[in-house]
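*Asks:* just the structure for this:
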Amino acid sequence: MQKDFKKGVYIISGPNKIKLLSGKVISIAKNFELGEEIFIPEGKRIPLEIEVDSKIELSDEKLISFIQTSTIPEDWDRVVNYLIYEKINALIIFGEVDTGKTFFSTYLTNKLISNNLKPSVLDCDTGQSDIGPPSTLGIAIFNKPILFMTEVKPEKLYFVGSHSPSEHFLHYICGFTKLVNYGLKNSDIVIIDTPGWVLGDGGRMLRNSELEILSALETNYVVVLLQRNQEIEHLVKSIPQKKVIRLTVSKKASPTSVEERKKLREFVYKKYFSNIDTLELDFDKIFTDRVYFLTGQRLNKKGNLLWVEKLSGFEGLYVVSENKLSDREIEKVKKLYDVKKVKNVSKDEFKNVLVALLDQEGEFICLGIIKDIDFLKQKIYILYPKKYSVRNLKIIQFGSLKISPKIEESGFVEPGLL
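*Replies:* The predicted structure is shown next:
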């Protein structure tokens with residue numbers, strides 16, 4: 001339907017499709033072209049700044065509302081000028097959940113593009129990722145204004161292992177360092193959009209580690225604090241205050257419940273795995289990463305064991321069985337193989353584990369889900385999106401999150417167990 005809009009600021013929510021028929025409209029520092037169609041996905045919303053009276057075609061007028069003032073705080077524009085003048089090449093954004101970090105990243109990206117710079121955005125929010133699927137860090141380079149980070153194909157992805165980095169600190173830091181380096185080499189400035197984990201031991205440790213890495217890489221970086229009061233000042237107490245920019249949270253920022261976040265992740269996973277195929281891999285044709293499985297020396301299995309490997313040094317024996325062995329059965333295995341230590345895993349613990357498929361250089365190809373492992377035939381069966389070529393697959397990198405056959409989150413396997 002077509003609707004006339006008076007000059008002013010509006011919020012439009014998804015799912016919705018709009019087309020500018022006449023007038024002038026700006027959203028997140030992006031100018032709409034006449035006749036340009038914009039789709040707003042479910043769970044997303046954007047501000048429309050109607051510069052002059054305009055006519056817009058939209059699919060659902062109930063999902064648009066008028067607001068009194070711009071959603072862009074005045075101090076945001078001053079940041080752009082500072083970044084250009086000081087030749088900043090890395091900007092990291094800290095803020096609690098629902099403070100508009102991604103919205104600010106988008107606005108900043110578009111403003112920098114309008115100033116003839118080529119920004120990259122590193123999306124570190126493994127739970128609500130816009131660049132790449134959940135459980136990954138992703139970086140994209142931008143050459144034209146956008147409304148959603150999802151509009152651009154990631155340049156590189158790094159698999160953390162779950163939607164939360166809490167059990168994957170080292171993997172997160174490795175991925176962060178790798179992708180920041182890539183951004184520094186391939187763009188004018190890296191904008192780093194971090195998760196909302198800013199409190200407690202883990203939050204403090206991750207954010208502090210990110211700053212140490214930016215310093216170690218000798219970047220000319222600044223930290224942007226998006227806060228309502230002074231709730232995250234503790235993160236920047238020990239760095240030079242000239243590197244800290246404090247900004248107001250946008251009026252657009254709104255809370256999203258834990259359950260809503262889970263539904264959004266599952267929606268993305270379902271879209272990602274919407275057209276899948278089953279990959280059949282021989283044990284001896286691939287390598288595994290972040291697990292003990294297939295990293296030792298294979299031994300002949302005895303009794304009712306499914307798989308046995310001798311691990312390195314003091315690590316002992318790695319044993320896969322149909323069900324978890326009892327203490328008594330473990331002692332029997334120790335005597336049978338003359339070892340002091342046995343690491344036992346049940347077959348079912350492999351099922352539905354989210355993995356990353358990597359090439360021989362360790363570069364990310366796509367995500368997969370362990371469907372089954374046949375220890376007798378020595379084959380692994382993995383569900384993966386058919387649109388990705390797995391011809392160069394060499395490494396299966398295991399995560400901790402489990403995804404059910406219905407493509408829903410279904411628990412975790414303890415990191416290091418497999």
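
*Asks:* mind giving me the domain ranges of this structure?
*Replies:* As recorded under automatic domain parsing, the domains making up the chain are 2-67, 74-270, 273-418.

*Asks:* which helices and strands does the longest strand along the chain pack with?
*Replies:* For the chain, the longest strand by residue count, based on DSSP state E, is strand 45-58. With contacts defined as 3 or more C-beta pairs under 8 Å, 6 or more residues apart in numbering; DSSP states H and E, strand 45-58 has these neighbours: strand 2-5, strand 8-13, strand 16-27, strand 64-67. Placement of C-beta: from N, CA and C, glycine included.

*Asks:* CA atoms only: put it into PDB for me.
*Replies:* Extracted as PDB, the C-alpha positions of strand 45-58 are listed here (Å, rounded to 0.1, in the frame of the first residue of the first chain):
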ATOM      1  CA  ARG A  45      13.700  -2.100  13.000                       C
ATOM      2  CA  ILE A  46      15.200   1.000  11.500                       C
ATOM      3  CA  PRO A  47      14.500   4.800  11.700                       C
ATOM      4  CA  LEU A  48      13.200   6.700   8.700                       C
ATOM      5  CA  GLU A  49      14.200  10.400   8.600                       C
ATOM      6  CA  ILE A  50      11.700  12.000   6.200                       C
ATOM      7  CA  GLU A  51      13.600  15.100   5.000                       C
ATOM      8  CA  VAL A  52      10.600  16.400   2.900                       C
ATOM      9  CA  ASP A  53       7.100  15.200   2.500                       C
ATOM     10  CA  SER A  54       7.400  11.800   0.800                       C
ATOM     11  CA  LYS A  55       5.300   9.000  -0.600                       C
ATOM     12  CA  ILE A  56       6.300   5.500   0.400                       C
ATOM     13  CA  GLU A  57       5.000   2.100  -0.600                       C
ATOM     14  CA  LEU A  58       5.000  -0.400   2.400                       C
END
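
*Asks:* ok now it, how far from the chain's centre?
*Replies:* Centroid separation for strand 45-58 versus its chain: 31 Å, with C-alpha atoms, centre = their mean, to the nearest Å.

*Asks:* now do it against strand 16-27, angle only.
*Replies:* Angular relation of strand 45-58 and strand 16-27 on a 0 to 180 degree scale: 110 degrees, by axes from the mean of the first three to the mean of the last three C-alpha atoms, to 10 degrees.

*Asks:* quickly run through the sheet partners of strand 45-58, with directions.
*Replies:* Under the criterion DSSP bridges, strand 45-58 sits next to strand 2-5 (antiparallel), strand 8-13 (antiparallel), strand 16-27 (antiparallel) in its sheet.

*Asks:* for F398, find the nearest of these.
*Replies:* F398 lies closest, by C-beta to C-beta, to one member of the strands paired with strand 45-58: strand 8-13, at 37.9 Å.

*Asks:* in the closest one, which residues are buried?
*Replies:* By 16 or more other C-beta atoms under 10 Å, the buried positions in strand 8-13 come out as V9, Y10, I11, I12, S13.

*Asks:* quick one, helices of the stretch 251-400 of the chain?
*Replies:* 258-272, 327-337 (DSSP state H, counting those that start in this stretch).

*Asks:* just put the ones you listed in CSV and tack on mean pLDDT, distance to G196 and mean neighbour count.
*Replies:* Below are those laid out as CSV (pLDDT from 0 to 100; distance: least, C-beta to C-beta, whole Å; neighbours: other C-beta atoms under 10 Å):
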stretch, mean pLDDT, distance to G196, mean neighbour count
helix 258-272, 82, 10, 15
helix 327-337, 93, 42, 13
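
*Asks:* nothing else from me, thank you.
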